[in-house]
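1. Below: sequence and its predicted model.
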Amino acid sequence: MSETYKSPFAHFLETIFFFGLGAFAGATGATAVYPIDLVKTRMQNQRNNSIRLYNSSFDCFKKVISTEGFLGLYRGLGPQLIGVAPEKAIKLVVNQIARQIFQTILKKDQLPLSLEFIAGGCAGASQVIFTNPLEIVKIRLQVQGEAVKFGAIPKSATTIVWELGFRGLYKGATACLLRDIPFSGIYFPAFSRMKDIFLSRLDKNATQSEQWSRVLLAATLAGVPAASLVTPADVIKTRLQVEARKGQQTYFGIMDCAKKVYSQEGFSAFWKGAGARVCRSSPQFGVTLLTYDFLRDYFDNGKLRQKTYPNQKTE
């Protein structure tokens, strides 16, 4: 039996309401995993033609604490918190609206994988216009702790924005699109399919905590392939957005960056920070999607599991 479909606009308003709490969860998750994000950025920015500061992600983590203090792990957190709520809101809302439109057209709940990827890809593309300026500021703040060792003068977020100007705030936006479109295209279908599988294996007497744990697991596991597979685009984006220190290799666009990274550092350089990306993105999206998905479904039907799954146990 098909669900009763709401208009896209009505669903949009409803989703905005739900995401108020989901955005808070996203901000909390972002704060919790932010040190991993900082380490990931510094490892990705380490270039072979400059002094090697870190031997590994763990070495980077230890050196940041020893030379910059514990708070050094949170450099650039402000722009991240400003951006995480609207970023997640835009991404979740656009994905849900796109799925709603496709479901209305096809008159069925389960979408083909291709349309799920398109819906997720639209969500990833839509967020870049808002998040790219915040991300470039965040990244430049994240590497300042190591840059001061080479004589660089620390800058505030306001100074960075002023120096970049409107055009500069969108430096690396194409690379950001190359990262975020496939990320969301992979993540949302993987989450949707795994959630259905995990919930279908619960019996009818399953508690809410059991349902929540299954959704959290699905949301977290979906982040593993999504975050890891787009690491090359993330490396290129980081290199383009960071302000190179004196003596560091500079890049002029995506292709120039890709060629220089490959020729100077080898193929493995495109996967720098992959582990950190997974460790950061998976739990962060897990918490956010669990909150969002639960509240949306609970509001609709008073329970998380809003439909009967094909293999749902009855005893």
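-> Good, I have the coordinates.

2. Give me the contacts around stretch 262-280.
-> With contacts defined as C-beta atoms under 8 Å, 6 or more residues apart in numbering, stretch 262-280 is touched by 33, 36-37, 39-41, 43-44, 46-49, 57, 223-224, 227-228, 231-232, 234-236, 238, 249, 258, 261. For glycine as for every other residue, the C-beta is placed from the backbone atoms N, C-alpha and C.

3. Now do that stretch: distance from first to last residue.
-> In terms of C-alpha to C-alpha, to the nearest Å, the two terminal residues of stretch 262-280 are separated by 25 Å.

4. Give the buried residues for it.
-> Glu265, Ala269, Phe270, Lys272, Gly273, Ala274, Gly275, Ala276, Arg277, Val278, Cys279, Arg280 (16 or more other C-beta atoms under 10 Å).

5. for stretch 244-257, same thing?
-> In stretch 244-257, counting by 16+ other C-beta under 10 Å, buried: Ala244, Arg245, Gln248, Tyr251, Ile254, Cys257.

6. follow-up on the earlier one: please list only the buried members of the contacts of stretch 262-280.
-> Here, 16+ other C-beta under 10 Å leaves 33, 36-37, 39-41, 43-44, 46-47, 57, 223-224, 227-228, 231-232, 234-236, 238, 258, 261 buried among these.

7. Dihedrals phi and psi, Ala173?
-> Main-chain dihedrals, Ala173, degrees, to the nearest 10: phi -60, psi -40.

8. what about the closest residue to Tyr74 other than its chain neighbours, neighbour count?
-> Distance criterion C-beta to C-beta, 6 or more residues apart in numbering; nearest residue to Tyr74, sequence neighbours excluded, is Tyr34 at 5.8 Å. By other C-beta atoms under 10 Å, 22 other residues sit near Tyr34.

9. and Tyr34, what element?
-> Assigned by DSSP states H and E, Tyr34 belongs to helix 8-45.

10. again with Gly124
-> helix 113-142.

11. what comes up buried for that helix?
-> Under 16+ other C-beta under 10 Å, the buried positions of helix 113-142 are 115-128, 131-142.

12. again with stretch 138-157
-> Neighbour counts over stretch 138-157 (16+ other C-beta under 10 Å) mark Lys138, Ile139, Arg140, Leu141, Gln142, Val143, Gln144, Gly145, Glu146, Ala147, Lys155, Ala157 as buried.

13. Closest one of those residues to Ile105?
-> Lys138 (38.2 Å; C-beta to C-beta).

14. wait, the closest one sits on Ile82?
-> No - applying C-beta atoms under 8 Å, one finds Lys138 not in contact with Ile82, separated by 9.3 Å.

15. dump the residue contacts of the residue nearest the centre of the chain.
-> Against the mean C-alpha coordinate of the chain, by C-alpha atoms, centre = their mean, the closest residue is Ser281 at 5.6 Å. Going by C-beta under 8 Å, 6+ apart, Ser281 touches Gly223, Ala226, Ala227.

16. Determine the next helix or strand in the C-terminal direction from the helix or strand in which Ile65 is found.
-> Assessed by DSSP H and E, Ile65 sits inside helix 57-68. Tracing the chain past helix 57-68, the next element assigned as helix or strand by DSSP H and E is helix 77-106.

17. buried sites along that next one?
-> 77, 79-81, 83-103.

18. Compute the number of surrounding residues for Lys108.
-> Neighbours around Lys108, by other C-beta under 10 Å: 12.

19. So it versus Val278, what's the distance?
-> Per C-beta to C-beta, to the nearest Å, Lys108 is found 33 Å from Val278.

20. quick revisit: ok so the residue nearest to the centre of the chain is a helix residue?
-> Yes - counting by DSSP: H, G, I helix; E, B strand; the rest coil, Ser281 is part of a helix.

21. separation between it and Asp37?
-> On the measure of C-beta to C-beta, Ser281 and Asp37 end up 9 Å apart.

22. now Asp196
-> 30 Å.

23. Repeat that for Cys257.
-> 21 Å.

24. could I get stretch 84-104 in CSV with only the CA atoms?
-> What follows is stretch 84-104, C-alpha atoms only, in CSV (Å, rounded to 0.1, in the frame of the first residue of the first chain):
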residue,chain,number,x,y,z
VAL,A,84,27.2,22.7,10.0
ALA,A,85,23.5,23.4,10.8
PRO,A,86,22.6,25.0,7.4
GLU,A,87,24.8,22.5,5.6
LYS,A,88,23.0,19.5,7.1
ALA,A,89,19.6,21.3,6.7
ILE,A,90,20.1,22.1,3.0
LYS,A,91,21.5,18.6,2.3
LEU,A,92,18.7,16.7,4.1
VAL,A,93,15.9,18.9,2.9
VAL,A,94,16.9,18.8,-0.8
ASN,A,95,17.4,15.0,-0.7
GLN,A,96,14.0,14.5,0.9
ILE,A,97,12.3,16.8,-1.5
ALA,A,98,14.0,15.2,-4.5
ARG,A,99,13.0,11.7,-3.2
GLN,A,100,9.4,12.9,-2.6
ILE,A,101,9.2,14.2,-6.2
PHE,A,102,10.5,11.0,-7.7
GLN,A,103,8.1,8.9,-5.4
THR,A,104,5.2,11.0,-6.5
